[in-house]
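**Q** After the sequence you'll find the predicted model.
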Amino acid sequence: MPDISEDGRTWVLSGPASSYAVHVTDRDELLHLHWGPRIDLADAEALALRPLPDYWPFESTLDGREEYPVEGGPRFVRPALSVRTAERRGTEWAYQGHDTEEGELRLRFRDGDLDITLHYRMRPSVDVVERWVTLDNRGPAVELLRADSATWTLPDRDTWRLSQLHGRWGAESRLTRSALTHGEKVIGSRRGHTSHQHLPWVALDTEATEEHGEVYSCALGWSGSWRIAVAQLPDARVQITGGAGHDDSGLLMLGTGESYTTPVFAGLRSDGGFGGASRAWHAYQRAYVIPDAERDRPVLFNSWEATEFDISEKQQRALAERAAALGVELFVVDDGWFGARTGDRAGLGDWTPNPDRFPGGLKPLADHVHGLGMQFGIWVEPEMVNPDSDLYRAHPDWVQYQTGRKRTEFRNQLVLNLAREDVREYLWEQLDGLLSSAPVDYVKWDFNRCFTDAGWPDDAYPQRLWVDHVHGLYALLDRLRATHPGVAFESCSGGGGRIDLGVLSRTDQVWTSDNTDPLDRLAIQHGLSQIHPARVMGAWVTDSPNAMLNHRAGSLRFRFVSAMAGVLGVGGDLTGWTSGELAEAGEWVRLYKEIRPLVQRGDLYRLRPPQGGLSAVQYVLGDESVVLAWLQAQRYGEPVPSLRLRGLDPTTSYECLETGEVHRGALLLHRGLRVGLRGDLDATVVRLKRK
C-alpha cells in the first residue's frame, strides 16, 4: 500500500529497491517528486516543500515537473491529455480526492463533466510501477484527441543515453543506443499493430553497463498503434510520454455515461545495469502478466516450412510420426488446412477444414497426434479476409475501407474491422465451433498485414476503429480463453509484429521473427531479451541452408543451441533429414527438456553480446545454471576467450553435469566461475549444479 501524508496530498509507492512519489499542491497542480532509490514519506514531504522555479513568461514553471501534463494553461510540453467538446478545448482540472484498494492508488480529478482518474500500482516483490488513466464522461460528448497512459519524469542528470528496439520484417528487435539530445525522440507505430519497426519500450541511462549502473525503462502494454515521445526539455529535464494512438487527430468520442481506460504504461528503475533491468522485467511478466507462466512451454513442431500450402491429412500424419520420434510435445498444422486455401489468394475468413484435404475434419488428425503422445495445434488469422472467400462475398462491408477509394491488398488480403460487434460475433462463432469440433490444444494467431485503408464509413466517429479494433481483439481472446481454458495461444504477426505487454497478458508465447536463420536470431533474441523473458520467445530449428532469407548454411548443433535460448521448436522438413540428423536432433530435444526450467523460468545473464566472435547467455535457477554459447567466428588462430559466469556463489564449487555427446567441448574451472570452450565447436551447452 502507498504511504500517504496526513493532508492526503503526498503519496509514496515503494518496491524492494525503489520509490515513486507525487504531490498535489494547494492549486491542484499534480507534481512529480521522486523516482529513484527508496525514500520514506518524510523525504517526499520535504521534496514537496521545494519551490518551483520562476521562469515566467517565457518558460513554464510546471514543464518537466508535472506528473501528467494536460493541454491548456501555463504549459508548453507535449500534453498527455488533449480533449475537445463542442464549446472548448483543453483541460482545467480540480483535485477531488484519492482512494486505495489492494495496493492500487487512485488520484481523482474533475474538469466540468469529465472525471479523470490516475491509477498507480506497484506489485509485491518488483520495482515496476504500473500507471494508467480512466476518463469518465458525465455530460455532453467529449472527443479524446489524445489520452496517454502516463508521463514519466527522470531525475536530473548531466547526460542521458537512449536505448530502443528497432527493425523490420525478418530483422526485428535490434538494439541500438544513442545519446539523447535536446528536443524530442518519437517512436511508435501507425500500422494498427505493435509493428516490426519498433517495440513499445525505451530505456535511459547515463553510464550503465550490462551489470552495473542505474537504468530507467518503460514499456507500454498496447497491441495497436502507439507512440512514445522522449523529450529533453530546455532545462535538460527528461520526460517520457506514451500511450495508444500515433497521432492527435482523434482517438475516441465519449458520449454521456461512457468511459475510456488507457493501456498500462509500466516503468522500472534498476541499479543493476541493463541485465538487472531485464531480469526485473522478466520476473514481473512471469509473475503478473503472462498466463500460466509457471507452466513450461512444450517443444513444438510446425509444419509450415516442411509443406507450406501443399498439405494433406496423410502427409501431416507422417510428419507427426517423425516429430514424435524426436520427442516433440506439440504438433502444429500451419496455413492451408481450411476453406479454399491452396495458396495465399483465397480462403481467409472461411474457418472450416478443407474437405478434400481433411475429409473427416481436423478431429482424426488431432486424435492421431494425441495418440502419438503430443498435443495438437492449428494456425489461424482471424482478423484478415481474402476477397476470394465466402465471408467477403457475403459481407464486403465488414473490412476496413474508405468510401470511393481502392481497397489496398497486401498478401492478397484485407483487414476485418473487429471494432464491429457483428464481425466479432462471427469470429467467435467460427473459432468457438472450431475449438469445439476437435481436441485442439494450441492456436497460433497470426496477423500478416498492417492497416492501410482504416475507414469505417457507416460509423459516426470512424477514427475509433484504431482503438476499438484492438479492444475487439482482446475481448475475443479473453472470451476464447475463458470458454476453452485448456487451449494455449501464440501471438504472431508475420513474426515479431505484435509483441507487447498487452498481448502477452492474453497469450502464452509469441513468434519472435519469421527469420529462423540461427545467426540472425542471436541478435534478434538479444534485443527481445532486454524486455521480454525466454518463456515467451518462440524459436525454431529449420533446414539448412536457410531457404527463406539468406541461404546460409549452419550446423545442426548451432541451429539447436540458438533455438534453445527460447521456447524450442522444430520447423524443418523432417522427411528430408538423414537418420544421423534425426538421431542428433532427438538428443538436443532431450537436452532441452532437461534445461527447460532454467531457460524458461531462470534469471538471464547476457555474458557476451552477439557482435561477432564468441557470444553467450546464462540462466540461473536455484542451485543450477546453464550456459548457451556460440562461436560465430574465429580469426587469426586466436584462442576462444573464457566466460566469467554470473549469478553464482563465488565461494563454492559447481560441478559440470555430463549429458552426452552433444555437450563435449566444455571445460569448467570451479572456483573461478569461468567456462572455457573448445574452438572446434561452433556452439555448446554447459550445465552446472552446486556441489
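**A** Everything's here; your move. A quick note: this is a predicted structure, and the numbers were derived from the prediction, not measured.
**Q** name the helices or strands packed onto the lengthiest helix in the chain?
**A** Longest helix in the chain by number of residues (criterion: DSSP state H): helix 579-601. Packing contacts for helix 579-601, counted by 3 or more C-beta pairs under 8 Å, 6 or more residues apart in numbering; DSSP states H and E, involve helix 313-326, helix 556-563, strand 567-570, strand 614-621, strand 624-631, strand 683-690. Glycine gets a C-beta too; all of them are placed from N, C-alpha and C.
**Q** tell me the angle of that helix relative to helix 556-563?
**A** 20 degrees (axes from the mean of the first three to the mean of the last three C-alpha atoms, to 10 degrees).
**Q** Just want the angle from helix 579-601 to strand 614-621.
**A** Using the same axes, to 10 degrees: helix 579-601 against strand 614-621 is 60 degrees.
**Q** Just the buried residues of helix 579-601, please?
**A** Neighbour counts over helix 579-601 (16 or more other C-beta atoms under 10 Å) mark 584-585, 587-589, 591-592, 595-596, 598-601 as buried.
**Q** Tabulate the residues you listed (a markdown table), appending pLDDT and distance to L501.
**A** Shown next, in a markdown table, are the buried residues of helix 579-601 (pLDDT from 0 to 100; distance: C-beta to C-beta, whole Å):
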| residue | pLDDT | distance to L501 |
| --- | --- | --- |
| E584 | 96 | 38 |
| A585 | 97 | 34 |
| E587 | 96 | 36 |
| W588 | 96 | 31 |
| V589 | 97 | 31 |
| L591 | 96 | 31 |
| Y592 | 97 | 27 |
| I595 | 96 | 27 |
| R596 | 98 | 24 |
| L598 | 98 | 24 |
| V599 | 98 | 21 |
| Q600 | 98 | 18 |
| R601 | 98 | 19 |
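**Q** between the residues you listed, which is nearest H282?
**A** R601 (9.3 Å; C-beta to C-beta).
**Q** how about that closest one, what does it touch?
**A** R601 is in contact with 286, 293-294, 296, 535, 621, counting by C-beta atoms under 8 Å, 6 or more residues apart in numbering.
**Q** picking that back up, quick one: distance of the longest helix of the chain to the chain centre.
**A** 26 Å (C-alpha atoms, centre = their mean, to the nearest Å).
**Q** ditto for stretch 619-635
**A** The mean C-alpha position of stretch 619-635 is separated from the chain mean by 24 Å, C-alpha atoms, centre = their mean.
**Q** tally of neighbours for R27?
**A** 7 (other C-beta atoms under 10 Å).
**Q** now swap in L300 and tell me
**A** L300, neighbours per other C-beta under 10 Å, totals 25.
**Q** Would you format the helices and strands packed on helix 579-601 as a markdown table with mean neighbour count, distance to R407 and mean pLDDT included?
**A** Formatted as a markdown table, the helices and strands packed on helix 579-601 follow (neighbours: other C-beta atoms under 10 Å; distance: least, C-beta to C-beta, whole Å; pLDDT from 0 to 100):
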| stretch | mean neighbour count | distance to R407 | mean pLDDT |
| --- | --- | --- | --- |
| helix 313-326 | 18 | 34 | 96 |
| helix 556-563 | 24 | 39 | 96 |
| strand 567-570 | 26 | 35 | 98 |
| strand 614-621 | 21 | 45 | 94 |
| strand 624-631 | 23 | 45 | 92 |
| strand 683-690 | 21 | 47 | 88 |
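**Q** who wins for proximity to W456 among those?
**A** strand 567-570 (37.0 Å).
**Q** quick one: contacts of that closest one?
**A** With C-beta under 8 Å, 6+ apart, strand 567-570 has contacts from 297, 299-302, 323, 326, 328, 509, 534-542, 560, 563, 585, 589, 592, 596, 600.
**Q** Direction included, what does that strand pair up with?
**A** strand 300-302 (parallel), strand 537-541 (parallel) (DSSP bridges).
**Q** average pLDDT for the helix or strand following the first one?
**A** Just to be clear, that refers to strand 300-302. Moving toward the C-terminus from strand 300-302, the next helix or strand (DSSP states H and E) is helix 304-307. Averaging pLDDT along helix 304-307 gives 92.
**Q** just curious, which of the contacts of R601 is nearest to M374?
**A** Among these, and counting by C-beta to C-beta, the member closest to M374 is D296, at 15.5 Å.
**Q** what about that closest one, neighbour count?
**A** So D296, with other C-beta under 10 Å, has 16 neighbours.
**Q** Let me know the helix or strand that it is in.
**A** Judged by DSSP H and E, D296 forms part of no helix or strand.
**Q** That one and P597 touch, don't they?
**A** Yes: contact criterion C-beta atoms under 8 Å: D296 and P597 qualify, at 6.1 Å.
**Q** Could you write out the alpha-carbon coordinates of the helix or strand hosting E490 in PDB?
**A** Here E490, judged by DSSP H and E, is contained in strand 488-491. C-alpha atoms of strand 488-491 as PDB (Å, rounded to 0.1, in the frame of the first residue of the first chain):
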ATOM      1  CA  ALA A 488      -2.800 -22.100 -25.400                       C
ATOM      2  CA  PHE A 489      -2.400 -19.100 -27.800                       C
ATOM      3  CA  GLU A 490       0.600 -17.700 -29.600                       C
ATOM      4  CA  SER A 491       0.700 -14.200 -30.800                       C
END
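**Q** Residues contacting the following helix or strand past it, please?
**A** For strand 488-491, the following helix or strand on the C-terminal side (DSSP H and E) is helix 501-504. Contact with helix 501-504 is made by 194, 219-223, 263-264, 266, 285, 289-290, 470, 474, 491, 510, 532, 536, as judged by C-beta under 8 Å, 6+ apart.
**Q** so how far is whichever helix or strand comes after helix 501-504 off the chain centroid?
**A** Where DSSP H and E defines the elements, the next helix or strand beyond helix 501-504 is strand 509-511. Put simply, strand 509-511 sits 9 Å off its chain's centre (C-alpha atoms, centre = their mean).
**Q** partners of strand 509-511 in the sheet?
**A** Counting by DSSP bridges, strand 509-511 is paired with strand 488-491 (parallel), strand 537-541 (parallel).
**Q** Make a markdown table from those and add mean pLDDT to it.
**A** Shown next, in a markdown table, are the strands paired with strand 509-511 (pLDDT from 0 to 100):
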| stretch | mean pLDDT |
| --- | --- |
| strand 488-491 | 98 |
| strand 537-541 | 97 |
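**Q** Ramachandran angles for A280?
**A** phi -70, psi -40 (degrees, to the nearest 10).
**Q** Could you double-check that it lies in contact with D271?
**A** No: A280 is beyond contact range of D271, at 10.4 Å (criterion: C-beta under 8 Å).
**Q** what about the two, which has more around it?
**A** A280 (24 against 16).
**Q** Against R123, how distant is the more buried one?
**A** 11 Å (C-beta to C-beta, to the nearest Å).
**Q** Done for today, thanks.
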